[in-house]
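Visitor: I would like the atomic coordinates for the input below:
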Amino acid sequence: MSDLEITHPQIYAYLEKTLTEETPLLREMGAYGRAQNFPIIGAQVGRLFYFLARALKASQVLELGSGFGYSAMWFALAVGADGKVIMTEGKQANVDRARDYFTRAGLLDRVEFNVGDALTRAETYPGPFDIIFCDIDKHSYPQALALARAKLRVGGILIFDNMLWHGRILTENDADTRAVLETTRALFDDNEFFTTLVPLHDGQALALRVK
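Guide: This is a model prediction of the structure:
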């Protein structure tokens, strides 16, 4: 089947117009991502992440899958001068581009770059983290959840991107879709988390660590 529109196109257009990127550099990053058809979270979700990080007074953020740094830039702006965003990315070219953006933003001291498999690189960090954001290959989401349980503090927030998976969760049965559904069920069945789904962009699972 073709991908479903999660939000009515006119409402989506309104959100895109209203929920804009906060800084000129973020706007540049967003324009690059859209021009390259790179699956960035976009300003709608970026503003949500900034909101959550500031509300939580987060200072330690772990990203599983950082691309060229778009989502990390929102977190870096939110965590303040004493905060740190741990980035993981499989492609050196994306990390090089991210480094350039953070250098130009004057925020290089708020991020740490890791090149390689996100889960393997994240294992080297003991935590605890205030926020963990996961946007890796969907078939690895269940493993990411297991890692996050060990690294997220009580009161912290675990975020999974693409949890509506362009509507494929309704009809598809491939490995990525099954993993998204498995992770969703696991989060809602886990009494260590209070989880909700936000139908913004492609769906964000927000899981508060409660015990």
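Visitor: how about the secondary structure of the spatially most central residue of the chain?
Guide: Centroid-nearest residue in the chain, with CA atoms, centre = their mean: Phe133, separated by 4.1 Å. Under DSSP: H, G, I helix; E, B strand; the rest coil, Phe133 falls in the strand class.
Visitor: ok, it touching Gly46?
Guide: No: Phe133 is beyond contact range of Gly46, at 11.1 Å (criterion: CB atoms under 8 Å). Placement of C-beta: from N, CA and C, glycine included.
Visitor: now for the two: what residues contact both?
Guide: Common neighbours of Phe133 and Gly46 (criterion: CB atoms under 8 Å, 6 or more residues apart in numbering): Ser71.
Visitor: list the contacts of Val198.
Guide: The contact partners of Val198, by CB under 8 Å, 6+ apart, come to 48, 204-206.
Visitor: likewise for Leu64?
Guide: When contacts are counted by CB under 8 Å, 6+ apart, Leu64 touches 88, 118-119, 122, 132-136, 144, 147.
Visitor: how much space between it and Thr103?
Guide: Using CB to CB, to the nearest Å, Leu64 is found at 23 Å from Thr103.
Visitor: tell me which of the contacts of Leu64 is nearest to Ile40?
Guide: Using CB to CB, Asp135 comes nearest to Ile40 of these, at 9.3 Å.
Visitor: what about the closest one, neighbour count?
Guide: If you count neighbours by other CB atoms under 10 Å, Asp135 ends up with 21.
Visitor: did I read that right, Leu206 in a strand?
Guide: Yes: assessed with three-state DSSP, Leu206 lies in a strand.
Visitor: report pLDDT for it.
Guide: On pLDDT, Leu206 comes in at 98.
Visitor: same check, this time on Gly155
Guide: So, for Gly155, pLDDT stands at 98.
Visitor: that one looks like it's in a strand, true?
Guide: Yes: if the criterion is three-state DSSP, then Gly155 is within a strand.
Visitor: hey, what's the nearest residue to it once chain neighbours are set aside bridged with?
Guide: Spatial nearest neighbour of Gly155, excluding adjacent residues (CB to CB, 6 or more residues apart in numbering): Arg209 at 6.3 Å. Counting by DSSP bridges, Arg209 is bridged to Phe193.
Visitor: quick check: Arg209 vs Asp189, distance?
Guide: 15 Å.
Visitor: who touches Gly69 in this structure?
Guide: Contacts for Gly69 (CB under 8 Å, 6+ apart) come out as 29, 87, 94, 97-98, 101-102, 111.
Visitor: would you mind checking those for buried ones?
Guide: 29, 87, 94, 97-98, 101-102, 111 (16 or more other CB atoms under 10 Å).
Visitor: now, which of the residues you listed lie within strands?
Guide: Among these, the members found in strands (DSSP state E) are 87, 111.
Visitor: do you know the pLDDT at Asp3?
Guide: Asp3 is assigned 72 on the pLDDT scale.
Visitor: and for it, nearest residue in space, chain neighbours not counted?
Guide: His166 (3.8 Å).
Visitor: repeat that for Leu200.
Guide: Gln44 (5.3 Å).
Visitor: quick one: that neighbour from Gly156, how far?
Guide: To Gly156, Gln44 is 23 Å away according to CB to CB.
Visitor: higher neighbour count, those two?
Guide: Gly156 (22 against 18).
Visitor: give me the helices and strands touching the host helix or strand of Leu15, please.
Guide: Using DSSP states H and E, the element containing Leu15 is helix 9-18. On a contact count with 3 or more CB pairs under 8 Å, 6 or more residues apart in numbering; DSSP states H and E, helix 9-18 meets helix 42-56.
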